[in-house]
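1. next comes the sequence, and after it the predicted model I'd like to discuss.
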Amino acid sequence: MEYSTDKTKTQSAANSSGEKVIQNKARELKDNRPISVLQKKVNNTGLPDNLKSGIENLSGHSMDDVKVHYNSDKPAQLNAHAYAQGSDIHIASGQEKHLPHEAWHVVQQKQGRVKPTLQMKGKVNVNDDKGLEKEADVMGTKALQFVNDGSQKNVHYTNSLNLQTVRQLVRIKLDNGTYYPDSHATGQIVESDELTSEQRGKANTDLQGNAVLINSIRNGWKHIRQNIDPIIDPLLASANITDEATKIKARRLYRESQNAGGGLTALLDAQKEWQNFLSENAVPMSAILSVHRSFGFEYEFATWELAPPNTVDVPSHTEVGKSAPFSPLFNTSFILETDAQKELELVAPPLLAGGANGIINKAFISQVHTLFINALVAFRGTHATANTHVNALPFNDHIGTGWKWTASAALIRVATARNKWAGKTNQIGYQLNIALTPHEITEQFQKDSPGADNNQEAVYNKILKRFHDSEVYKGLESPKTEIDTALLLLAKGISNAIAIPTLSLVAKTRKPWFTGDLHSHVKDLHGIWVKDNVPNITLAAVKENHQAQNDLRSIILSEKDKVARDILTSIPQYTPPKEVKGENTGITAMREAHTKLDTAVKGGTTSLKKAAQTEAIACLTKIAERLENHDETPTVNAKTDFLAEKFGTGDGVRKDTYANIPVSGNKTLHLAELRTNATTDAFLR
């Protein structure tokens, strides 16, 4: 993709191959190209040494592969003053002032955050993302400030998830308009790093008699000036926020949102404030997800029972309570629902774990997990002993606000006994929902995961082997990283089709399948469930690689019919046994549904098996068509109720679980559910 600096306006262009990128617009730059005699490494990029250093410190990306073409005639071909294409920056004669802006566009491309959004004449793709342009303005200027300050030797860049962890914060007190040391008897505690310029001047005057304290405070101010915050600066730049007070507030709110040391209630309050800030300041979701991972837990923490004199059963997956939306950013709530084996399950809304450059802050996520576990163990102990009715549970005092209860919540209470998870530590079963890239998802695949169906694992392995044995695959050069990731995800998604017969029968009876309930356990293959349609996740693995897309399409077309037949012949036995006296009512209901739904069709098979084969063919066909057209735009998953989905669309099964996550630049994230305690623990280690 290409980006250019238009002579009259901001514009971004990409060549038709989609392999490189060009970007535009810039701030003033003095010509600082003379090479420093103190340079440790030869700089052959054409970037001034101090600008190169500033960009690298700011972004965390090496610029050693960049080549600046001065006095280039190529920008004129795009009606531009300058443009960035891959690692090449073309600068027209006399237009060096655009270099910081273009250098940051190179960073955006290295981060995989750029894609074409429209097309110009001559099949040149154009990216007109105003957010990226504003960011390049701000961050290019930041890099330029390193030059003007002459302080690049003292710059310390860190990939730490919180800038403030590299030094001890200095607290002081504000009492009746005057700043005092923290030991002052009265007054409000404030963080010295969070003072505005005007407030710093006042503190500097008030505390000048305490040389040790004021020197420590000044060192903190210097630290902020000379360090780029890899989380806050890109976020605010994307929303064009330059106000000093807002920046200070953002640093404070973010730091507090990542502090799990004050307990669960304090952590949730801080997360809510941070999410509210991001929403109120219109920070683009793509920018948020470029420096955070969204995550949320589900906890089966207690057993429920009918509260006498009630005799009407409450089905599994019934929502019994819901809080007010946690924040407007995601607009989701805490939910309490029934689950299999009479479990009460708490579903938490998304929280944000900060992490620059794609880092997943597993330590923080683990700390949050521990807070939830400890709180729910104590909560269960109190209310199981009292047999509290579910609609009387005081979640408002602990987790979420504005809870509302359904009629079903009045029918059940927390039981004293613990059934399903009695043998587990803390007697809680949990799952982690987290936004992951396609490659990160496949890294979590586990063999023989608890709950996984043997028939499904067998057909998955059979399909994957077919792909790997194809002549097209064998003829590809190594490494085949993107193709391999796509095939793993595709084989997993296609294998899910064998659950269609039981899903159809359970939808008819509204009762659990009498054995091998694939309608639920289809999610347990590999210990991870992807909450997105199969074409989306498969296409994402080969995004912006047209050659890989062509190769993947060839593999699919060569094996499509064989794979569909594998699905047809691998569906487990699902015909109910012959009727016997006193049999389980679930078996009776399933037999009746089977009689109504499953009929003989052409070819000697049955309608339920045929439906699974049809879904597999539709999925492979849809993916092949999108690959042929290089259609990488994710399709939107429509809201679908549990057991109300239709098959044959090619989108997969259990569409009631699917979620939509905005694209973060050129990177796609997909909500994945780590299904068990073991897989969650392994991920967080």
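-> On my side now, so go ahead.

2. and residue 418, which helix or strand is it part of?
-> Using DSSP states H and E, residue 418 sits within no helix or strand.

3. now do the contacts for it.
-> When contacts are counted by CB atoms under 8 Å, 6 or more residues apart in numbering, residue 418 touches 302, 303, 384, 427. Heads up, the C-betas are built off the backbone N, CA and C, glycines and all.

4. now with 7 Å?
-> 303, 427 (CB atoms under 7 Å, 6 or more residues apart in numbering).

5. going forward, count from 32.
-> That works, and once the first residue is 32, the last one we named lands at residue 449.

6. phi, psi of it?
-> With angles defined as degrees, to the nearest 10, residue 449 sits at phi -120, psi 120.

7. check what pLDDT it gets.
-> Looking at residue 449, its pLDDT reads 91.

8. and the gap between it and residue 455?
-> Distance of residue 449 to residue 455, given as CB to CB, to the nearest Å: 9 Å.

9. can you report how many residues lie near the residue nearest to residue 668 when sequence neighbours are not counted?
-> What sits nearest to residue 668 in space, not counting adjacent residues and going by CB to CB, 6 or more residues apart in numbering, is residue 689, at 3.8 Å. Residue 689 has 21 neighbours, counted by other CB atoms under 10 Å.

10. over to the one 10 residues further on?
-> Residue 699 is surrounded by 23 other residues when neighbours are defined as other CB under 10 Å.

11. again with residue 698
-> 18.

12. who's in contact with it?
-> Counted by CB under 7 Å, 6+ apart, residue 698 has contacts 143, 144, 468.

13. for the residue nearest the centre of the chain, helix, strand, or coil?
-> Nearest residue to the geometric centre of the chain (CA atoms, centre = their mean): residue 466, 2.6 Å. Secondary structure assignment for residue 466 (DSSP: H, G, I helix; E, B strand; the rest coil): strand.

14. surely it and residue 691 touch.
-> No - the criterion here is CB atoms under 7 Å, and residue 466 misses it with residue 691 at 11.3 Å.

15. how far away from the center of its chain is stretch 523-538?
-> 27 Å (CA atoms, centre = their mean, to the nearest Å).

16. list the buried residues in it.
-> Neighbour counts over stretch 523-538 (16 or more other CB atoms under 10 Å) mark 523-537 as buried.

17. so what touches that stretch?
-> Counting by CB under 7 Å, 6+ apart, residues outside stretch 523-538 touching it are 486-487, 490-491, 494, 543-544, 548-550, 553, 556-557, 565, 568-569, 594, 598, 601-602, 605, 621, 624-625, 628, 639-640, 642-643, 646-647, 650, 674, 678, 683-684.

18. quick check: end-to-end length of that stretch?
-> For stretch 523-538, the first and last residues are 23 Å from each other (CA to CA, to the nearest Å).

19. residue 411: what's it in contact with?
-> 332, 333, 445.

20. nearest to residue 129 among those residues?
-> residue 332 (57.0 Å; CB to CB).

21. okay but that closest one is in contact with residue 375, surely?
-> Yes - shown here, residue 332 and residue 375 form a contact pair, counting by CB under 7 Å, at 6.4 Å.

22. can you flag which of the contacts of stretch 523-538 belong to helices?
-> When DSSP state H is applied, the contacts of stretch 523-538 are split such that 486-487, 490-491, 494, 549-550, 565, 568-569, 594, 598, 601, 621, 624-625, 628, 639-640, 642-643, 646-647, 650 fall in helices.

23. can you map out the helices along the stretch 432-581 of the chain?
-> Using DSSP state H, counting those that start in this stretch, the helices of the stretch 432-581 of the chain run over 469-474, 485-500, 502-505, 512-526, 531-540, 549-552, 565-572, 577-601.

24. can you redo these as CSV with distance to residue 89?
-> Compiled in CSV, the helices of the stretch 432-581 of the chain are given as follows (distance: least, CB to CB, whole Å):
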stretch, distance to residue 89
helix 469-474, 25
helix 485-500, 42
helix 502-505, 41
helix 512-526, 28
helix 531-540, 50
helix 549-552, 48
helix 565-572, 28
helix 577-601, 31
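
25. contacts for stretch 661-668, please.
-> 563-564, 566-567, 570, 574, 577, 580, 686, 689-691, 694, 699.

26. just the residues you listed now: which is nearest residue 327?
-> Distances from residue 327 to the contacts of stretch 661-668, taken by CB to CB, are shortest for residue 690, at 10.6 Å.

27. quick check: which element contains that closest one?
-> Per DSSP H and E, there is no helix or strand for residue 690.

28. what's it in contact with, if anything?
-> Applying CB under 7 Å, 6+ apart, the residues contacting residue 690 are 562, 668, 702.

29. how about low-confidence regions in the stretch 182-331 of the chain?
-> 182-200, 254-259 (pLDDT under 70).

30. residue boundaries of the helices in it?
-> Going by DSSP H, counting those that start in this stretch, the stretch 182-331 of the chain shows helices at 228-237, 242-257, 263-269, 275-288, 295-311, 316-321.

31. ok, which of those helices comes nearest residue 396?
-> Once these are compared by CB to CB, helix 295-311 is nearest, at 11.7 Å.

32. ok, and for that closest one, which residues are buried?
-> 295, 298, 299, 301, 302, 303, 304, 305, 306, 308, 309, 310.

33. pull stretch 205-220 out as CSV, backbone CA atoms only.
-> The C-alpha atoms that make up stretch 205-220 are tabulated as CSV, following Å, rounded to 0.1, in the frame of the first residue of the first chain:
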residue,chain,number,x,y,z
LEU,A,205,-2.5,20.3,48.3
ASP,A,206,-3.9,22.2,51.2
ASN,A,207,-5.9,25.4,50.7
GLY,A,208,-4.1,26.2,47.5
THR,A,209,-0.6,25.5,48.7
TYR,A,210,1.5,22.4,48.0
TYR,A,211,3.2,20.6,50.8
PRO,A,212,5.2,17.4,51.3
ASP,A,213,3.2,14.2,51.7
SER,A,214,3.9,14.3,55.5
HIS,A,215,1.8,17.4,55.9
ALA,A,216,-1.0,16.7,58.3
THR,A,217,-3.9,17.8,56.2
GLY,A,218,-4.8,18.3,52.6
GLN,A,219,-5.5,16.3,49.5
ILE,A,220,-2.9,13.8,48.1
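
34. any idea how far that stretch is from the chain center?
-> 42 Å.

35. all set, thanks.
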